[in-house]
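Participant: Below are the sequence and a predicted model for it; my questions follow.
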Amino acid sequence: MLMMDLLKAGMPAISGITSLLRFTALKNLLSVPSMLTARLMSSGASQPDLLAIRDELEKFEGGSVDLEMDDHSGIAVMMLNNPKRLNSLTGKMMVDMANHITALENWSLGKGLVLVGASGNFCSGGDLTFVRKALHYGEEMAAFQHDTLTRLLNLPLVSVALLQGHTLGGGAELSTACDFRVMSSSARLGFVQIRMGLTTGWGATTRLVRLFGRQKALAYLTSAKVFSAEEAEKEGLVDHVLSYALQPEEELSVCKDWLATNYCKHDANLTQAVKASIVQCDLSGDLVDSLRNERQVFGKFWGGPAQKAALEAKIKHK
Ligand SMILES: CCCC(=O)SCCNC(=O)CCNC(=O)[C@H](O)C(C)(C)COP(=O)(O)OP(=O)(O)OC[C@H]1O[C@@H](n2cnc3c(N)ncnc32)[C@H](O)[C@@H]1OP(=O)(O)O
């Protein structure tokens, strides 16, 4: 794809950064394969054509992902914005997120990132309108999301997901691609994919085993249990539960303060260096192998009879 085509396609809303940074982000998107892609290439596995998948996903419109980068505090806020559908992700939102992560990879003043959903909901998974139209495209979408979410996890910033309202299916997967999870006292969190006739499509099996061990990962994924904040904290699934006295609109600023005062109070260069060193310790070949396997398993179920029956049933994951 030519640079001009990308420019025509348009980068999503980014505020607080210079046009130079936009250009750098675009250049990187084109010329520097992500860490995951580079590893796929070096391992000799067939390389997913992420630019072609990006073009395809972008056709599934609806919602946006918006980014604000505050150079003063060094804290960015990335907001999932599809509130009428509880911030479930369309293909276009996946592309927005990938582009923003490229911008964040290049943010020299950055220390931290809050991932949040608009209007008091984190994310209720894949947008089911998109899902129904993309039943032929599971493994490709999974490859794109694996790349994006591995880059999110490996950003040189300390990241936190603010879980408000519903965090379900793919939304729960997103939350595991952040370093920390802060949960609203009334929120609900569940890896409900199995009830939707699916395995994880966005890399959460691999990340859950690394975060919590195989037994807990197995329990979360096979039970499809939807956790209250109290239960999630007891499990260690979330790092902090917010006071019940807060209104949803106050919770973002409290979460930002939690991140700033605990993990982003020191120099940006040092904070980035610490995170980058931790990422280096964690870069083993088996991450790539595990994600590839996860994607292949997911591809066997996506568009299959169990998923179609679940979509017909219009399940509510209460
Ligand atoms: C690779 C991806 C794999 C996955 O993510 S699998 C998981 C996919 N997510 C789901 O199946 C969630 C299904 N929805 C639900 O369980 C319930 O809507 C939920 C989240 C418990 C909320 O229940 P309520 O509070 O009663 O609200 P509600 O059902 O009236 O929802 C409000 C409006 O949001 C919509 N919505 C919620 N989740 C959605 C989704 N994932 N995709 C598309 N639309 C979604 C819902 O249809 C409703 O819209 P409307 O007002 O009826 O037009």
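Facilitator: Nice, I can see it.
Participant: quick one: the helices in the stretch 201-318 of the chain?
Facilitator: 204-212, 214-223, 229-235, 248-263, 268-281, 285-301, 305-313 (DSSP state H, counting those that start in this stretch).
Participant: Can you name the residue of the stretch 151-300 of the chain nearest the ligand?
Facilitator: When scored by C-beta to the nearest ligand atom, the stretch 151-300 of the chain has G169 as its residue closest to the ligand, at 2.5 Å. All C-beta spots, glycine's among them, are computed from the backbone N, C-alpha and C.
Participant: For that residue, give me its contacts.
Facilitator: Applying C-beta atoms under 8 Å, 6 or more residues apart in numbering to G169 gives the contacts 124-126, 190-193, 196, 198, 317.
Participant: still on that earlier bit, how about the helices of the stretch 201-318 of the chain, which one is nearest M79?
Facilitator: Among those, helix 248-263 comes nearest to M79, with 8.9 Å by C-beta to C-beta.
Participant: Now N81. Its backbone dihedrals?
Facilitator: Note on N81: backbone dihedrals following degrees, to the nearest 10 are phi -130, psi 80.
Participant: what are the bridge partners for it, then?
Facilitator: S64 (DSSP bridges).
Participant: Return the distance of it relative to S253.
Facilitator: According to C-beta to C-beta, to the nearest Å, N81 and S253 sit 18 Å apart.
Participant: These two - which one has more neighbours?
Facilitator: N81 (18 against 11; other C-beta atoms under 10 Å).
Participant: what's the one residue in the stretch 1-150 of the chain that gets nearest to the ligand in contact with, if anything?
Facilitator: Residue nearest to the ligand within the stretch 1-150 of the chain (C-beta to the nearest ligand atom): G125, separated by 2.3 Å. G125 makes contacts with 88-89, 168-172, 192, 196, as judged by C-beta under 8 Å, 6+ apart.
Participant: follow-up on the earlier one: rebuild the contacts of G169 as JSON lines, extending it with pLDDT.
Facilitator: What follows is these, written out as JSON lines (pLDDT from 0 to 100):
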{"residue": "S124", "pLDDT": "98"}
{"residue": "G125", "pLDDT": "98"}
{"residue": "G126", "pLDDT": "98"}
{"residue": "G190", "pLDDT": "98"}
{"residue": "F191", "pLDDT": "98"}
{"residue": "V192", "pLDDT": "98"}
{"residue": "Q193", "pLDDT": "98"}
{"residue": "M196", "pLDDT": "98"}
{"residue": "L198", "pLDDT": "97"}
{"residue": "H317", "pLDDT": "95"}
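Participant: I appreciate the help and will end here.
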